[in-house]
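Below is the sequence, then the predicted model.
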Amino acid sequence: MKSYHQAFILSGLIATVFCFALSSQGETPPPNIGRLIKVSTANYNPPPPPHGGQEGKGVKTVSGEFRPSTLYPELWTSWAIGALVRALAVDPRHLWVGTTNGVIRYNRQDESQTVYTTKDGLLSNIILTINPDLKSQSSAPSGSGGRSSGLTGSGSGVWIGTYGGGLSHFDGASWKTYTPYGGGVTASYGADWQPYQPGQGLGDLWVYDLAFDPRGTLWIATWKGVSRFDGKAFKTYKTEDGLVDAWVYTLSLDPKGYFWFGTEGGVTFYNRQRWKSWTHKDGLGATLPQEKEAVQAYPLPIPHHQEQSKQVQSYNPNYVISSVVDRQGNAWFGTWGAGLSRFDGKHWKNYTSHDGLSGNVINSLAIDRDGVLWIGTNGGVSRYAQRGFINYSKETGLLADTIYAIAIDDQNNKWFGTLGGLTRYTGP
């Protein structure tokens, strides 16, 4: 199956139309695609509950029943961008927003913002993942792996993984980019550009996830394996080293500092001494009665690189696109159409829309400071509680129902990246 994440390129075009469609709902369309335009939700009034339930605001529980909740309109704020938001990250002052039109640095205190694109130093405007510098870390967990880390820098910079443009670092003043062929400043490719010998550079130009281990070493998920970067040199691990598949989309570290890699062919664990992998035959991903139940009306992938050997599918339980490890050491994996999988080290447990999930394509996972798991799907956001799932959608305050990214800030606010913009939820 080709990479589902390429679907958001096509979806990014749809987002532009979506942004201007806001004008028909009484909202002012953005004058500049790529900048955050706040959309007020203060006057939003949810529809009455179905089946004669209680009046008022609420959310749907796993049983589908409507119940009152602390979910009020004033807890939701959205921003339209006119682009798909695939990556989010927070530092003590800023929210970093990765879109299909570059990256935005949004000051959460004064609401100022700066947009960075290929005109400023990026090699690609399609942003897949963001991690702040180590010195600018927020203590709150965020991102697919529940972590937000980086090599030491000026304290105001970020590491950015792109679609076809390699890995870039921004220190607050200047850009440096790393590719399979060399690293340095791409504006001139002059004396400050260092060519790499074959096999010594970044694994691939397509970078999907980033995480830093306890030693401060950067690990990079690419379409040609996992690259390790110590600030000077790269080492890339491939299937011959132990990965179940070379197309790696997500990586997370557990409390012991061990690695979990989510790939297009299953999950691989690595503890620096041994590799072990699991696939659907071992329990990863749910088996659904009908493939159409998996993806519903979700856009299908477009070609992977220019690869034509794999067929587009609407459901693949081995296709892992998000991951996070909780405080108890349980590893959670989001799949393409086969729901959410939890692995406790011995047993697999799968959850789908039949169990109350808002959707079966799990694009993003994050754990907040209270240990609550938040799940971004193709049908909204699900909050995993002890008794099941609580779901949030456009009806409860989201800008859009397809969620691509989640970040948790130091106030435990939840930020959701969607098709056409982002939403902040300040509730529990």
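The structure has been received and is ready for your questions.

Low-confidence ranges, the stretch 1-150 of the chain, go.
Applying pLDDT under 70 to the stretch 1-150 of the chain picks out residues 1-34, 40-72, 134-150.

Which helix or strand contains A187?
Assigned by DSSP states H and E, A187 belongs to neither a helix nor a strand.

S353 reaches G339, doesn't it?
Yes. S353 lies in contact with G339 (Cβ atoms under 8 Å); the separation is 7.4 Å. The way it works is simple: take the backbone N, C-alpha and C, and place the C-beta from them, glycine included.

what about the helices in the stretch 51-200 of the chain?
Per DSSP state H, counting those that start in this stretch, the stretch 51-200 of the chain has no helices. Nothing in it meets that criterion.

what's the neighbour count on L36?
The local packing of L36 (other Cβ atoms under 10 Å) involves 23 other residues.

Could you find the closest non-adjacent residue to it?
Distance criterion Cβ to Cβ, 6 or more residues apart in numbering; nearest residue to L36, sequence neighbours excluded, is W79 at 4.1 Å.

tell me the centre residue of the protein?
A405 (3.7 Å; Cα atoms, centre = their mean).

Do I have it right that that residue meets L88?
Yes. Between A405 and L88 there is a contact under Cβ under 8 Å: 4.4 Å.

any residues in contact with both of those two?
By Cβ atoms under 8 Å, 6 or more residues apart in numbering, A405 and L88 have these common neighbours: 98, 143, 415-417.

Return the subset of those residues lying in strands.
Assigned to strands by DSSP state E, the following of the shared contacts of A405 and L88 qualify: 98, 415-417.

Tell me where the model's unsure across the stretch 151-300 of the chain.
Across the stretch 151-300 of the chain, residues meeting the criterion (pLDDT under 70) sit at 151-156, 290-300.

residues touching the closest residue to H280 other than its chain neighbours, list them.
Spatial nearest neighbour of H280, excluding adjacent residues (Cβ to Cβ, 6+ apart): P317 at 4.1 Å. Applying Cβ under 8 Å, 6+ apart, we find P317 in contact with 280, 284-287, 335, 337-338.

can you dump the C-alpha coordinates of the host helix or strand of P317 into CSV?
Counting by DSSP H and E, the element that carries P317 is strand 316-325. Taking Å, rounded to 0.1, in the frame of the first residue of the first chain, the C-alpha atoms of strand 316-325 are listed here in CSV:
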residue,chain,number,x,y,z
ASN,A,316,-4.2,-2.3,6.1
PRO,A,317,-3.8,-3.5,9.7
ASN,A,318,0.0,-3.6,9.3
TYR,A,319,0.2,0.1,8.3
VAL,A,320,1.2,2.0,11.5
ILE,A,321,1.0,5.8,11.2
SER,A,322,1.1,7.0,14.8
SER,A,323,2.4,5.8,18.2
VAL,A,324,2.8,6.7,21.8
VAL,A,325,3.9,4.9,25.0
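
Quickly run through the sheet partners of it, with directions.
The partner list of strand 316-325 in its sheet, established with DSSP bridges, is strand 331-336 (antiparallel).

List the buried residues of stretch 211-220.
211-213, 218-220 (16 or more other Cβ atoms under 10 Å).

ok, back up a step: among the shared contacts of A405 and L88, which one sits closest to E264?
Nearest to E264 among the shared contacts of A405 and L88: G143, at 20.0 Å, using Cβ to Cβ.

Do a quick rundown of the strands in the stretch 51-200 of the chain.
For the stretch 51-200 of the chain, applying DSSP state E, counting those that start in this stretch gives strands covering 58-60, 66-68, 76-90, 94-99, 102-107, 113-116, 127-132, 158-162, 167-170, 175-178, 182-184, 194-195.

Of all those strands, which one is nearest V381?
Of all those, strand 58-60 sits nearest to V381, with 10.1 Å by Cβ to Cβ.

re earlier: list the residues that contact the residue nearest to the centre of the chain.
85-88, 98, 143-144, 363-364, 376, 415-417.

Report whether it is found in a strand, as I expect.
Yes. Read with DSSP: H, G, I helix; E, B strand; the rest coil, A405 is one of the residues of a strand.

Is it bridged to anything, and to what?
Beta-bridge pairing for A405 (DSSP bridges): G417.

Repeat that for G184.
Counting by DSSP bridges, G184 is bridged to T177.

cool, and F269?
In beta-bridge terms (that is, DSSP bridges), F269 pairs with W260, K276.

got the phi/psi numbers for E395?
The phi and psi values for E395, taken as degrees, to the nearest 10, are phi -70, psi -20.

Over to N330?
Per degrees, to the nearest 10, the backbone of N330 is at phi -70, psi 130.

Convert the C-alpha atoms of stretch 219-228 to CSV, please.
Included here for stretch 219-228 are C-alpha records, laid out as CSV according to Å, rounded to 0.1, in the frame of the first residue of the first chain:
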residue,chain,number,x,y,z
TRP,A,219,16.3,9.5,15.7
ILE,A,220,14.6,10.1,12.4
ALA,A,221,11.8,8.1,10.7
THR,A,222,12.2,8.1,6.9
TRP,A,223,10.9,6.2,3.9
LYS,A,224,14.3,4.3,3.8
GLY,A,225,14.7,3.3,7.4
VAL,A,226,15.5,5.0,10.7
SER,A,227,18.4,7.4,10.8
ARG,A,228,20.4,8.2,14.0
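
Not counting its neighbours along the chain, what's nearest L340?
L340 sits nearest to Y351 (Cβ to Cβ, 6+ apart), 4.5 Å away.

I104 is in contact with W96, isn't it?
Yes. If you go by Cβ under 8 Å, I104 and W96 touch, sitting 7.3 Å apart.
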